[in-house]
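Asks: sharing a model that was predicted from the sequence below.
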Amino acid sequence: MALFLTPFFAIFAAVTVAPICYAVWMSLFQERSSGLGFGGVTERTFAGFGNFTKALSEPGFVSSFVHVAAYCAFYIPVMIGSALALALLVDSTVARAKRFVQLVVFLPHAVPGMIAGIIWLYLYTPGLSPVLDWIQAVGGSWDFFSSGHAISSMVNMAAWQWIGYNAIIFFAALQAVPREVIEAATVDGAGGFRTAVQIKLPMIRSAVILTLLFTCIGVVQIFNEPKLLSARADSMGSNWSPIMYIFKAAFEKHDYGLAAAGSLVLALVAGVLSYIVTTIGNRWKAA
C-alpha cells in the first residue's frame with residue numbers, strides 16, 4: 001500500500017506543500033534598495049508580519065474582497081439556478097435529443113477562458129458588437145462597461161462558460177435517482193414541477209453542495225473577466241479582485257513579499273468560505 005501511495009504524496013509535496021512553504025517564507029521578508037534606485041544594493045530584510053499588515057491596511061486589497069462578495073451574490077444564484085434548471089429539463093420525460101442538448105450545453109466550457117473573455121469583450125464593444133446594434137435597432141441603449149453594468153457583464157461571461165459544465169454534473173447526479181421513486185410520485189399525482197422540486201432536487205443535494213463549494217473557491221480567485229473588462233471599464237480599476245491586486249504587487253511593483261502575503265490571506269479566506277459552505281451544506285443534507 002505504501003508503495004502505491006508514495007508517488008501521490010511525493011507529487012503533492014512538490015506541487016502543493018513546497019510552494020505554500022515558500023510563499024510563507026517569502027511573506028516574512030521585504031526587499032529594500034539603497035542609493036535611491038541609482039545602482040544601489042538591494043537587500044532582503046526580515047519583516048515579520050509587516051507584509052500582512054501592509055496588505056490588510058491598503059484600501060484596494062480590502063475593497064477587492066467586497067467587489068468579489070457583490071459578484072458572488074449575483075453570479076452564484078444565476079449560475080447554480082440556471083444549471084439546475086437545465087439539468088432538470090434535460091432529465092425530464094418531455095426532453096428530446098438529450099445527448100445533443102448535453103453537447104450543445106457543454107460546448108461553451110470547451111472554449112478556453114481567455115478566448116471566451118475576448119469574444120465577449122468584442123460583443124460588448126460599441127461599433128463592433130452586433131448585440132449593441134440589435135439593441136439600438138429597437139430603440140434601446142446599453143453600456144456593458146458602465147459602473148452599473150460591469151458586474152452583470154462579468155456574470156454573463158462566466159455563466160456562459162460554466163452553466164453547461166455544472167448542468168452536466170447535476171444531470172449525472174439525476175441519473176442516480178431511483179426511477180421507481182419518480183414513478184411512485186407520478187402515480188400519486190405529482191406533476192413534473194413538483195417532482196423536480198420535491199423529489200429530484202433533494203436527492204441530488206450532495207452534487208449541489210459540491211458544485212457550490214467549487215464555485216465559491218473559483219469565484220474568490222476570479223481574474224480573467226475583471227482583468228479584460230478593466231481595460232475598457234474605467235470604474236473597475238487594477239485592484240478589482242484579490243488576484244488582480246496580487247498580480248500587480250508581484251509583476252508590476254515587484255514586491256514579492258507583499259504578493260505572497262496577499263496570496264496567503266486569499267487562501268485563508270477561501271478556506272474559511274469552504275468551511276462555511278460545507279457546514280451549511282451538511283446541515284441541509286441532515287435536514
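Replies: Looks like it came in fine.
Asks: quick one: the strands in the chain?
Replies: Secondary structure of the chain, counting by DSSP state E: strands at 29-33, 42-46.
Asks: for the first one, which helices and strands make contact with it?
Replies: It refers to strand 29-33. When contacts are defined as 3 or more Cβ pairs under 8 Å, 6 or more residues apart in numbering; DSSP states H and E, strand 29-33 sits against strand 42-46, helix 256-286. Placement of C-beta: from N, CA and C, glycine included.
Asks: quick one: the last one to strand 42-46, angle?
Replies: It refers to helix 256-286. Orientation of helix 256-286 against strand 42-46 (axes from the mean of the first three to the mean of the last three Cα atoms, to 10 degrees) gives an angle of 40 degrees.
Asks: next, the buried residues of helix 256-286.
Replies: Buried positions in helix 256-286, judged by neighbour count with 16 or more other Cβ atoms under 10 Å: 256-266, 270, 273, 277, 281.
Asks: next one: it to chain centre, how far?
Replies: 13 Å (Cα atoms, centre = their mean, to the nearest Å).
Asks: which other helices and strands does it contact?
Replies: For helix 256-286, the packing partners by 3+ Cβ pairs under 8 Å, 6+ apart are helix 18-27, strand 29-33, helix 50-57, helix 59-91, helix 205-220, helix 242-251.
Asks: let's see it at 7 Å
Replies: Using 3 or more Cβ pairs under 7 Å, 6 or more residues apart in numbering; DSSP states H and E, the elements in contact with helix 256-286 are helix 18-27, helix 50-57, helix 205-220, helix 242-251.
Asks: that older thread, in a markdown table: the strands of the chain, plus mean pLDDT, distance to C72 and mean neighbour count.
Replies: Below are those laid out as a markdown table (pLDDT from 0 to 100; distance: least, Cβ to Cβ, whole Å; neighbours: other Cβ atoms under 10 Å):
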| stretch | mean pLDDT | distance to C72 | mean neighbour count |
| --- | --- | --- | --- |
| strand 29-33 | 77 | 32 | 15 |
| strand 42-46 | 78 | 37 | 10 |
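Asks: which one of those strands lies nearest to Y245?
Replies: For Y245, the closest of the strands of the chain is strand 29-33, at 17.2 Å, according to Cβ to Cβ.
Asks: need the per-residue pLDDT for V265.
Replies: We have a pLDDT of 93 for V265.
Asks: now it. Nearest residue, chain neighbours left out?
Replies: A55 (6.2 Å; Cβ to Cβ, 6 or more residues apart in numbering).
Asks: thinking the one you found is in contact with S64, fair?
Replies: No. Counting by Cβ atoms under 7 Å, A55 stays clear of S64, with 10.4 Å between them.
Asks: who's more crowded, these two?
Replies: Higher neighbour count among A55 and S64: A55, with 27 against 24, using other Cβ atoms under 10 Å.
Asks: quickly note the distance from the closest residue to T215 other than its chain neighbours to A249.
Replies: In space, and not counting its chain neighbours, T215 is closest to I76: 6.0 Å by Cβ to Cβ, 6+ apart. Counting by Cβ to Cβ, to the nearest Å, the separation of I76 from A249 is 27 Å.
Asks: in terms of neighbours, single out the busier of these two.
Replies: A249 (26 against 17).
Asks: give me every residue that touches the more buried one.
Replies: 255, 258-259, 262 (Cβ atoms under 7 Å, 6 or more residues apart in numbering).
Asks: let's go with 10 Å and repeat that
Replies: 51, 54-55, 58, 60-61, 239, 255-263 (Cβ atoms under 10 Å, 6 or more residues apart in numbering).
Asks: I'd say L88 and K200 touch.
Replies: Yes. L88 is in contact with K200 according to Cβ atoms under 10 Å; the separation is 6.4 Å.
Asks: what about the residue nearest to T215, distance to F49?
Replies: 33 Å.
Asks: since we're on A167, how many residues are nearby?
Replies: A167, neighbours per other Cβ under 10 Å, totals 26.
Asks: so it sits against L107, correct?
Replies: No. Assessed by Cβ under 10 Å, A167 is found out of contact with L107, at 11.8 Å.
Asks: coming back round to it: shared neighbours of L88 and K200, anything?
Replies: With Cβ under 10 Å, 6+ apart as the test, L88 and K200 both reach 170, 174.
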